[in-house]
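>>> Okay, predicted coordinates and the sequence, questions at the end:
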Amino acid sequence: MVVDEALIASVRATLPELPDQKAARFASQYGLSAYDAGVLTASRELAAYYEEVVRELPQEPKLAANWVMESSPRP
């Protein structure tokens with residue numbers, strides 16, 4: 001079976017951002033530590049919530065991260 005590169009690219013474009021990729025993006029885009037980025041991307045819901053909060057506080061991504069991590073329920 002031969003799979004066309006165009007098909008691979010189109011399927012790859014439809015995949016959601018994986019947790020490790022999202023953590024790396026959070027670290028680079030928001031200047032978060034690897035630990036904070038890992039905590040915030042441990043669940044899809046928490047990561048989405050953080051991104052909603054950081055949209056309201058774009059100048060304070062670390063403050064938003066701290067607030068989200070402190071206010072989220074512990075397992």
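The structure has been received and is ready for your questions. These figures come from a predicted structure and were not determined experimentally.
>>> use CA for all of it now, contacts and neighbours both
OK.
>>> got the contact list for the residue nearest in space to the middle of the chain?
The centroid of the chain falls nearest to K22 when counting by C-alpha atoms, centre = their mean (3.5 Å). Listed by C-alpha atoms under 8 Å, 6 or more residues apart in numbering, the contact set of K22 reads T41.
>>> separation between it and D4?
Here the criterion is C-alpha to C-alpha, to the nearest Å. By it, K22 lies 27 Å from D4.
>>> How many neighbouring residues does V54 have?
Neighbourhood size, V54 [other C-alpha atoms under 10 Å]: 19.
>>> next helix or strand past the helix or strand where it lies?
Using DSSP states H and E, V54 sits within helix 44-56. Once the chain leaves helix 44-56, the next helix or strand it forms, by DSSP H and E, is helix 61-71.
>>> Tell me what angle that next one forms with helix 44-56.
140 degrees (axes from the mean of the first three to the mean of the last three C-alpha atoms, to 10 degrees).
>>> Name the residues of helix 61-71 that come out as buried.
Neighbour-count burial for helix 61-71, counted by 16 or more other C-alpha atoms under 10 Å, picks out P61, K62, A64, A65, V68, M69.
>>> Kindly report the same for stretch 30-39.
Neighbour count says stretch 30-39 has Y30, L32, D36, A37, G38 buried, by 16+ other C-alpha under 10 Å.
>>> repeat for stretch 18-31
Here stretch 18-31 shows P19, K22, A23, A24, F26, A27, Y30 as buried, counting by 16+ other C-alpha under 10 Å.
>>> Please apply the same query to stretch 42-53.
L46, A47, Y50, E51, V53.
>>> mind checking how far stretch 23-30 is from the chain centre?
Remark: stretch 23-30 is offset 7 Å from the chain centroid, using C-alpha atoms, centre = their mean, to the nearest Å.
>>> Export that stretch to PDB, keeping only CA atoms.
Taking Å, rounded to 0.1, in the frame of the first residue of the first chain, the C-alpha atoms of stretch 23-30 are listed here in PDB:
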ATOM      1  CA  ALA A  23       2.800  22.300  26.300                       C
ATOM      2  CA  ALA A  24       5.700  23.400  24.100                       C
ATOM      3  CA  ARG A  25       3.500  26.100  22.600                       C
ATOM      4  CA  PHE A  26       2.400  27.300  26.000                       C
ATOM      5  CA  ALA A  27       6.000  27.500  27.200                       C
ATOM      6  CA  SER A  28       7.200  29.400  24.100                       C
ATOM      7  CA  GLN A  29       4.100  31.600  23.500                       C
ATOM      8  CA  TYR A  30       3.300  32.500  27.100                       C
END
